[in-house]
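Q: Take a look and give me a structure for this.
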Amino acid sequence: MSTDAIVLLKDDHKELRQLFRSFEQAGENAAKTKAKLVQQILELLTVHTYLENECMYPEVRKRLPDLEDDVLESYEEHHVADVLCFELAGMDPGDERYDAKVTVLIENVTHHMEEEEQDWFPQVRAGMGRNDLQELGATMLVMREKAPRKPTAPKALKKAMDAARA
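A: All right, here's what the predicted structure looks like:
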């Protein structure tokens, strides 16, 4: 198994795409199947975004300042995915907007993965080099073991919820 950080992230992307296809092909009367697939999607996305937010993006910001705008955009794309994941975690597959919310999540995450793979990853690979990406990947493998597995409310949403309760 490679410890290259980009290879590890692309492996997650492959697994997510498979789960997305399975959800899309599940059909309208497959609530149990869809619920299981969504739980797998939420867990994988939670781990994946944690690794990027806490390991990959900070390192890229430090080493490749020219990619600062790309990293900031990625943080915002993750924020949108985090909100959708948090909402989906509290929904039932029978809810009227469940499938629509999953579809929006799939569309947003697919767009994000395509940008990373086509534009961002090649720039990171060129700027960091093989050894640095191997070290970063090894760190990510350790962090993966302790990464959160369930979506939590993003900080901005938590603040809004706390303010509404007060």
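Q: how many neighbours does residue 128 have?
A: 19 (other CB atoms under 10 Å). From N, CA and C alone the C-beta is placed, and that goes for glycine too.
Q: Find the nearest non-adjacent residue to it, please.
A: Leaving aside its sequence neighbours, residue 128 sits nearest to residue 63 (CB to CB, 6 or more residues apart in numbering; 6.1 Å).
Q: looking at it, that neighbour is touching residue 135, isn't it?
A: No. If you go by CB atoms under 8 Å, residue 63 and residue 135 don't touch, sitting 11.5 Å apart.
Q: What's the local residue count around the nearest residue to residue 67 once chain neighbours are set aside?
A: Excluding the flanking residues, the one nearest residue 67 by CB to CB, 6+ apart is residue 60, at 5.7 Å. Applying other CB under 10 Å, we find 23 residues neighbouring residue 60.
Q: Check residue 20 too.
A: Neighbours around residue 20, by other CB under 10 Å: 20.
Q: count of neighbours near residue 146?
A: Residues near residue 146, counting by other CB under 10 Å: 7.
Q: That should have said residue 10, apologies.
A: Counted by other CB under 10 Å, the residues lying close to residue 10 total 16.
Q: who are the neighbours in contact with it?
A: By CB atoms under 8 Å, 6 or more residues apart in numbering, the contact set of residue 10 is 117, 121.
Q: do you know how far it is from residue 91?
A: Applying CB to CB, to the nearest Å, the value for residue 10 to residue 91 is 29 Å.
Q: low-confidence ranges in this protein?
A: Residue ranges of the chain with pLDDT under 70: 1, 155-164.
Q: can you pull out the helices in it?
A: 5-25, 31-51, 57-63, 68-89, 98-115, 121-128, 130-146, 155-165 (DSSP state H).
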